[in-house]
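**Q** Show me the folded form of this:
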Amino acid sequence: MTEFLRGAPVAAALTDDAAPRVAALVARGVTPTLAIVRVGERPDDLAYERAALKRCDRLGIAVRLLGFPDDVSTEALLGAIERVNGDATVHGCLIMRPLPPQVDEAALCAALDPAKDVDGVTAGSLYGVFSGRELGFPPCTAAAVLAILDHYGYGLEGARAVVVGRSLVIGRPVAMMLLARNATVTLCHTRTKDLAAEVARADLVIAAAGRAGAVGVGALRPGQVVVDVGINWDERSRSLVGDVDPRAAEGVVDALTPVPGGVGSVTTAILARHVIEAAERSIA
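**A** Residues are numbered from 1 along each chain as shown. As a prediction, this is how the structure comes out:
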């Protein structure tokens, strides 16, 4: 029988752990503060923003919303990032992505101070992930994957892990984070030859290809733990679905994160924790 690794208990535990840290900061005269930079009003951006606001409010983290119209210029956004970098009362900054085509996203991410990069978008933060050094922060979704595995007691040392997806947002960072925990990692993608055979050899599968059904029948077997990071809109069912075909996983693998209700619900708790850590580092 498949165990569902639901995100809500993980997020609750992370929030409970973070609350006394916020209280300790406030006692020293520091209110952890997050700046959110959002362009336009994409429904997914607004949904994540609402979830982040709710989590931060629950913990006593202040949030400053920096909203811009869809036709904003790169120069205007760079000015906002410069102000965030220079404001000692702002400890973390979340840049909502993707950005409109007229915006130089790479330049914007590069301009952010890695010390305030709480979602792993700068080269400095990614260097920290790939080198194992404490510089910046890993992407929140990648960190959420490990938080779920830790919460449910799945050991990583010596585990054979397959990561399906090679983006700098999830795939590559989570592969490096698993390596740092002494897992043996194979990084795959949608063009991997015989992807199903590669996945079938794994003890732990991280599905982060960004394509519904990327991990399907024939790829999964009993004994596996599967973390489905994918969030895809299925027109037929008019619902959100993951990268893992549920017909291939449910009742087959030992454990599976649901979509929705899995990794996504942990991400805002990780974001809040990163803001708190950034505030702590600022006064260390």
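**Q** going forward, measure contacts and count neighbours with C-alpha atoms only.
**A** Fine.
**Q** Do a quick rundown of the helices in the stretch 51-200 of the chain.
**A** Taking DSSP state H, counting those that start in this stretch as the criterion, the stretch 51-200 of the chain carries its helices at 74-86, 105-111, 123-131, 140-151, 171-180, 195-200.
**Q** Could you export the ones you listed as CSV, including mean neighbour count and distance to residue 251?
**A** Conversion of those to CSV gives the following (neighbours: other CA atoms under 10 Å; distance: least, CA to CA, whole Å):
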stretch, mean neighbour count, distance to residue 251
helix 74-86, 17, 48
helix 105-111, 16, 42
helix 123-131, 20, 35
helix 140-151, 21, 19
helix 171-180, 22, 26
helix 195-200, 18, 16
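**Q** Identify whichever of those helices lies nearest to residue 270.
**A** Minimum separation from residue 270 across the helices of the stretch 51-200 of the chain (CA to CA) falls at helix 140-151, 5.7 Å.
**Q** Please report how far the residue lying closest to residue 257 once chain neighbours are set aside lies from residue 204.
**A** Counting by CA to CA, 6 or more residues apart in numbering, residue 5 is the residue found nearest to residue 257 once chain neighbours are left out, at 4.7 Å. The gap separating residue 5 from residue 204 is 13 Å, by CA to CA, to the nearest Å.
**Q** Indicate which one of the helices of the stretch 51-200 of the chain is closest to residue 48.
**A** The nearest among the helices of the stretch 51-200 of the chain, by CA to CA, is helix 140-151 at 12.2 Å.
**Q** shaky segments in the stretch 1-150 of the chain?
**A** Filtered on pLDDT under 70, the stretch 1-150 of the chain yields no residues whatsoever.
**Q** just the strands in it please.
**A** Ranges of strands within the stretch 1-150 of the chain are 3-4, 33-39, 62-68, 92-95, based on DSSP state E, counting those that start in this stretch.
**Q** how much distance is there from the last one to the middle of the chain?
**A** Average the C-alpha atoms of strand 92-95, do the same for its chain, and the two points are 13 Å apart (CA atoms, centre = their mean, to the nearest Å).
**Q** and if you look at the second one?
**A** For strand 33-39, the gap between its own C-alpha mean and the chain's C-alpha mean amounts to 16 Å (CA atoms, centre = their mean).
**Q** which helices and strands sit right next to it?
**A** Helices and strands touching strand 33-39, by 3 or more CA pairs under 8 Å, 6 or more residues apart in numbering; DSSP states H and E, are strand 62-68, strand 92-95, helix 264-282.
**Q** got CSV for these, with distance to residue 214 and mean neighbour count too?
**A** Shown next, in CSV, are the helices and strands packed on strand 33-39 (distance: least, CA to CA, whole Å; neighbours: other CA atoms under 10 Å):
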stretch, distance to residue 214, mean neighbour count
strand 62-68, 35, 15
strand 92-95, 28, 24
helix 264-282, 18, 23
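**Q** Redo these as CSV? Include distance to residue 34.
**A** What follows is these, written out as CSV (distance: least, CA to CA, whole Å):
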stretch, distance to residue 34
strand 62-68, 5
strand 92-95, 5
helix 264-282, 7
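**Q** Please name whichever of those is nearest to residue 85.
**A** Between residue 85 and these, the shortest separation by CA to CA is 8.9 Å, and it involves strand 92-95.
**Q** State the distance from the nearest residue to residue 30 once chain neighbours are set aside to residue 26.
**A** Sequence neighbours aside, residue 279 is the residue nearest to residue 30 in space, at 7.6 Å (criterion: CA to CA, 6+ apart). Between residue 279 and residue 26 the computed distance is 10 Å (CA to CA).
**Q** likewise residue 56?
**A** Using CA to CA, residue 56 is found at 14 Å from residue 26.
**Q** Can you pick out the residue with more neighbours from these two?
**A** Higher neighbour count among residue 56 and residue 26: residue 56, with 23 against 14, using other CA atoms under 10 Å.
**Q** show me what contacts the closest residue to the more buried one other than its chain neighbours?
**A** The spatially closest residue to residue 56, leaving aside those adjacent along the chain, is residue 272, at 6.3 Å (CA to CA, 6+ apart). Residues near residue 272 by CA atoms under 8 Å, 6 or more residues apart in numbering: 52, 55-56, 61.
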